[in-house]
Structure formats: structure tokens, C-alpha cells
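> everything below, folded, please.
(2 chains)
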Amino acid sequence: MKAGDLSELAARNLREALLRNSLTTAGIAIGVASLVAMLSLGVGLQDLVGRRLERTGLFDSVLVRPQGGFGGPGPANNRGQRNGQGQRNDGDIADDSAPPPPVQPLDEAVRQRLAKIPNVIEVYPEFRFAADARLGAAGHLAQVASLPTSASSSDAFEDMQGHFFSAPDAREVILFIDLARELADTQHLQPADLLGKEIVLRYPGRQPLPAQNAGGEPSPDEAALGFSIVSSQAPVRVVGIVTTDALFSGPGGFGRAGAYIPLAVAQGLGVVQGNDMTEIIRDSAASGNDHYANLTVRVSRPTDVPMVEQAIQQMGFAVFSLLDLTRNLQRVFAILDLLLGIFGSLALAVASLGIVNTLVMSILERRREIGVLKALGASDGDVRKLFFAEAGVMGLAGGVGGVAIGWSIGRIIQFVTEIYLRRQSIPAENIWTVPWWLVAGAIGFSVLVSLAAGMYPASRAARLDPVEALRYD
Amino acid sequence: MQPLETEPGDTTGSAASPAAGIAIRAVGLTRRYQMGGATIRAVDGISIEIREGEFVALLGASGSGKSTLLNLFAGLDRASSGAVFVLGRELGAMNSMELSRHRNHTIGMVFQSFNLLSRMTVMENVELPLRLGEVPRPERASRVNEALKRVGLTARAGHRPGELSGGEQQRVAIARALVNRPRVLLADEPTGNLDSRTGEEIMGLMTEINRPADGAAATTVVMVTHERSLAERYAQRMVTIADGRVASDEAR
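Below is the predicted model of the structure:
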């Protein structure tokens, strides 16, 4: 029998015992719905976490320091460095007989080179220093950190009062709520009242030692002797107040600070950094260029991190990223999806027993009909295929219906969750996703399970003796 | 090819090619059943030849083996020993698929209880053998109409069996048996569930099928019946079966 005739006969037979077959199909649909609802929740949560982490910049960034920067002094110490497979070279022993190669400093030229590595979006240094923030006469000691322009998209500043910096070089500051409260208290104000006001940051400024020659400019050797630390100050206008505590330290993260200023402004202040001290101790030949303590390299996708790390290591720098944590997180979600899928499939497995029952009952009721079909020329294979087709149609109908029901369940869960989050003054998030592969997979799985359930009834029907079947009343 | 087991003393058996013009040839045909500890010989070493175009009635009491013999001719059942040839082909040598094709193309079957599928219309019932035989769709409508026209039920094509009388249902069953243009029609008590008048109509139809008035090719008809009077009036030959054996074979 041709496939078209088979399908038509199967559909007709299913319509014959409509209530019974509909209930069986409904059982399949409920099984598929639970599978789709569970997995769509798992996928949605995974997407949500992924989106959140992406916006923190934690997992798509690489922190770069001069050689030996992560494992203690000395360029020969490779602890903390990763090889091309992301594995740490723990325990490597330096060759003490050879003199250590000079440490490559991180300067603007290096920054430009790093920016040219494929899949790198931006490279920026971090400036971090202690400063005295003053509003009026009273001062408060605080950590000040620089922010690149790209930080505006971070969810760390989602619920900020005020706004982000108006220009990359604007003399503006964003305060963390604790520092804002301290400053406001001195003037008997509320933190929000500080928006638009000017505060002064007093910081340790770097001043070159006076020149010894007649030209007035220090020679490179003279510059290598050191610099003076002088008290410097910079007025900045308060444009924003951050209240969230989700400011992690680490690559790409904007470590907790009392105040944030634009990167370009921080670069222009000439503030003393930790690497300045290190370079003096090491007696490095000064190039006359500003050196950075570290550089943060942002890549386009977390999957690009290993390749970029390898490229930077080959340039002779130490790197660090949180990629391992990402891998562990993916593993956790894979296990979560598997467990959700197993639980969701249990209902489908139970429903498949319904198909077996329905079709076996159908064989008993249609014995005579099967005998007639065989008498008219139906082969055993035709009869088997007919019952298979009936099982398959139930599976297909149940699968499509189940996807629709599962989608609806997900919408309801999403709707209820959004209401709850809004009541808690938390921004609503999409926690549920039904990707196309889940739809196709659920329907396909439903059909497969149904066909498997139909195997026994189909074989039993095919084996019926037509003479006995025709005698059946 | 299934080995031929002939009964001792049976000199009619031969596995040689059958003669031309023979529609059905049985050689030492036996069908045994096990019932508890006893062996029942429903058909016991029957050898018979039915020529093409003959109208043969198989008569006998209930349980004589006539229906079993018909089932063996149809390939619905397999012989325990002996051989049966239908239009030159030995059924015992056929596999399951070939037997299905034999039932679809070579023979048509009509049953006492009509055996129409109640959820299908008359047209769909008659079309069923065409579906099973994978006849192309464009051809089906004309062949169904041809079969329904032959039994005089073109006007009832859209009705379901439950809306028809017994006689009409049996006509539909005959149309269904003829739609694939078989050369042999096997009927098992076709008038058993009909009143005498309707039975006469059905017998008239079967006579027309056997010897068409328009000179078209004759169809061999083998009919099982317990009504001797019908057999005497319509069949050319009456074979009486008793205890699984041929008791008598009368030509009319």
C-alpha cells in the first residue's frame, strides 16, 4: 500500500474511535508539554544567566600584566600563565643559570598591538588610586577607579541615579552610594542632591624630578631615577550615583570603588600607580612613556578567549581570565537540562503505554476487519504499517499539541514571574525560551516514542490468521 | 517449492505443470488441524480440476470441509499436504507477499456476511482492493464505477453499508471482489444471509459474471453453498464434499 493510502486509512481508523484515540493523544500531548515546559525553562535560565554574565564583561575579557605579573616577581616565574589549552603551567622551574629576560612593560604601543589581535573589541588600562573626595571642607578617603566608555552597557549601572559620563573626556564622576551618603551627610543633604554638584579629588600626582642638564628636560637616565609624588587635585562634577552591589573585581569587571571617572580623564591626571613603584625597584630603563599596571582586553565572544590568551602570551605577557568558571557553568546547565529532560520524559513514557493499550484494544475490535483486509490482498507488512501509521499519527498529533501546551505553560510561568518581579521592584527578565530545535526535537521524540509503542500491536495485528479473524464475531 | 506429500494409494497426485484451460487444480490436497489430542482432517486428500469459465458449486453439510477447501483455493490457508494450482501457479510455493498479491489480483472473494467496512462508503469499500494493489489514483474512479455499474449500484456509491439492504450489501461485496478484474471468483455462502428472492437476484448476478451477456471473458466461479436447489439452477457442476472428501462430482 502506498504511503498516501496508508495515512488516509490510518487517519480514518483513528477517527472511528475518536474519543478513545483523542484521550490517548492527549496523554502524549501532556507528556510532550511537560518535556517542553521543563526544557524551555532550563534553556531560558541558561540564556538569562548567559546574558547577565555577558553584560558584566566577566567572561569575555582577559586581564594582561607584564610577565610574572600573576605569580610573583621575576619574569622567569611562569606561575599563573596558561598554555594554548587554557591549562596553567604550575610548577615550572626557572633556569637559574640564565639571566632573566627584561620585563616588557605595558605601554600605549603594546595596547595598540593588543587591539589588533583578531576578535578583540577593545583594550583599556585600569587606573585605580586612593583619593580624598571633598565636598566643601570635609574630605573622605575613597578608592577611585577609571571606566572605559563601553562600561555604560554593563548592568552594573542599570539602576543608576543620574546618567553615565556625557563624553569620554568629561570631567565627571559617578559615586558609589556609600561615598555619596558620606559626602551628602557633611552638607545635610540627600545623596540624590549631589547630582550636578562639583567635588574635588585630591590624589598623589606624579611629577618628574628636576632636570640636571641645561635643556630643562630630564634625560632617560634621569627619568629612570624616579619621580616626585605631589598632592594634586582635580574638580569633577557628580553625574551619577550607583546603588547596585554587583561590581565584581576581576577581568572586565569594575572592581568596587567609591568613585568612577572616565578613563581618558584618569590617564590625563598623572596619578601614581603601583607599577610605577615596581619599575623603580627593578631599575628598569624608562622609555619615557607611561606604563600601565595592567590592561583589560575585551573579546567579541567568550569562546574567543582561549585564542586571544594564547596570542597575548606569545607576545610575552601574563594573562588571566575567568573562562574556567564559564566551562563549569556550562557543565552545570548541561546536567540541569538533562535532569529536566528526564523528568519531562517520564510523563511521555507513561503516555506511550496508553498507545500500546489503545492499539491492542483496537486489534481486538478490528479482528474481522484485519481478516477482510488480508482476504482482499493486504500483506502482513501492510497491516503492520497501518498500525504503525496509526501510532505515528497519534504521536505526531500529540507532539504538535504538546508543544502548543508546553509553550502556553511557559507563557503563563513567564507572565506570573514578571508580575512577581515587578511587585518586588525588580526588572522583569525572560526566563523561558522555546528554541526551534526544542520544538522539532519534542515532536520528533514524540513520534519516535509512539512508533516504538506501536511495534508490539503492529506485529500482533500482522500475525493474525485471516481465517480465524474472518470467523471472529 | 513446498514438497508434495501425497496420501498412500492416491494416484491422482502430480506436481507437473497443469494443463491449459484449468483455472484451479488440486492434487491430494489435505488440511489437518490439531484439536486437543485429536487430528481433524478438514480436507482429506482432495484432487479436483476446475476449468476456466466453469461455475462450480461446492455442496455439503456444515463442517464437511467445503469452506476450508475454498480458503485453500484463495490462499487464505495453507495446505498440510498436497498441492493447489490456480491459473498455473502453485500456491504452496508462494511466500506471504505473493499470496497477498494472489488474493488481490488473481481471485475475488465474496463472503456470507458481506464483510464490508462499515465506516467506509460503498465507493471506498469497492476501492479498497485497488488501494491494496497500489493501482494509480487516476485509474481508480473509473474502475470503481465500472464495478458498481456491473452490479447495478452506481446510484448508491456515496452511501454507507448500514444504509443498504442485505442484497445491496452483497452486491457491493461482489463489486469489490470484481474491481481488480480477477479471473476467479470464490464465494462462500453468498446467499446465506439473504432471503430467497434476494438470493435469487444475487445468483442471477453471479451467473451474469460467469457468462457475461456481452460476450466478455467468462469468470470462473466457485461457490460454496448448502442450498442444493440454488446449485441445481445456476451451477454447471456440483461437487459434493463430505468428511473432507469429494463425495460426488456432477456436471449439469
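
> so is the helix or strand containing residue A:461 next to chain B?
Taking DSSP states H and E as the definition, residue A:461 sits inside helix A:436-462. No. Helix A:436-462 does not reach chain B (CB under 8 Å from any CB of the partner chain); its nearest approach is 9.7 Å. Every residue, glycine included, has its C-beta placed from N, CA and C.

> can you pull out the low-pLDDT segments for the stretch 351-473 of chain A?
The stretch 351-473 of chain A contains residues with pLDDT under 70 at A:473.

> what residues does it have near chain B?
A:368-369, A:371-382, A:466-467, A:470.

> drop anything exposed from these.
Burial by neighbour count, 16 or more other CB atoms under 10 Å in any protein chain shown: within these this picks out A:368-369, A:371-380, A:382, A:466-467, A:470.

> quick one: which of these sit in helices?
Counted as lying in helices by DSSP state H, out of those, are A:368, A:369, A:371, A:372, A:373, A:374, A:375, A:380, A:382, A:466, A:467, A:470.

> what's the separation between the closest residue to the third one other than its chain neighbours and residue B:106?
The one in question is residue A:371. Nearest non-adjacent residue to residue A:371, counting by CB to CB, 6 or more residues apart in numbering or on different chains: residue A:469, 2.9 Å away. In this structure, residue A:469 and residue B:106 are 21 Å apart, going by CB to CB, to the nearest Å.

> ditto for residue B:224
18 Å.

> and stretch A:308-321, average pLDDT?
Averaged across stretch A:308-321, the pLDDT comes to 88.

> got the residues of the stretch 101-250 of chain B near chain A?
B:101, B:103-105, B:109, B:111, B:115, B:117, B:119-120, B:128-129, B:131-134, B:176, B:180.

> mind listing the helices for chain A?
A:3-16, A:18-56, A:108-115, A:177-186, A:220-224, A:263-269, A:274-282, A:305-314, A:323-365, A:367-375, A:380-423, A:436-462, A:466-471.

> residue 61 - how many residues pack around it?
Went with chain A since none was named. With neighbours defined by other CB atoms under 10 Å in any protein chain shown, the count for residue A:61 comes to 26.

> please go with chain B instead
When neighbours are counted by other CB under 10 Å, residue B:61 comes out with 12.

> that one contacts residue B:243, correct?
No. Checked against CB atoms under 8 Å, the pair residue B:61 and residue B:243 is beyond contact range at 9.3 Å.

> ranking the helices of chain A by burial, who's on top?
helix A:367-375 (a mean of 23; mean count of other CB atoms under 10 Å in any protein chain shown).

> so that helix versus helix A:323-365, what angle?
90 degrees (axes from the mean of the first three to the mean of the last three CA atoms, to 10 degrees).

> tell me what helix A:367-375 is packed against?
For helix A:367-375, the packing partners by 3 or more CB pairs under 8 Å, 6 or more residues apart in numbering or on different chains; DSSP states H and E come out as helix A:380-423, helix A:466-471.

> taking chain B, what residue is nearest to chain A?
Closest residue of chain B to chain A, CB to the nearest CB: residue B:104 (2.4 Å).
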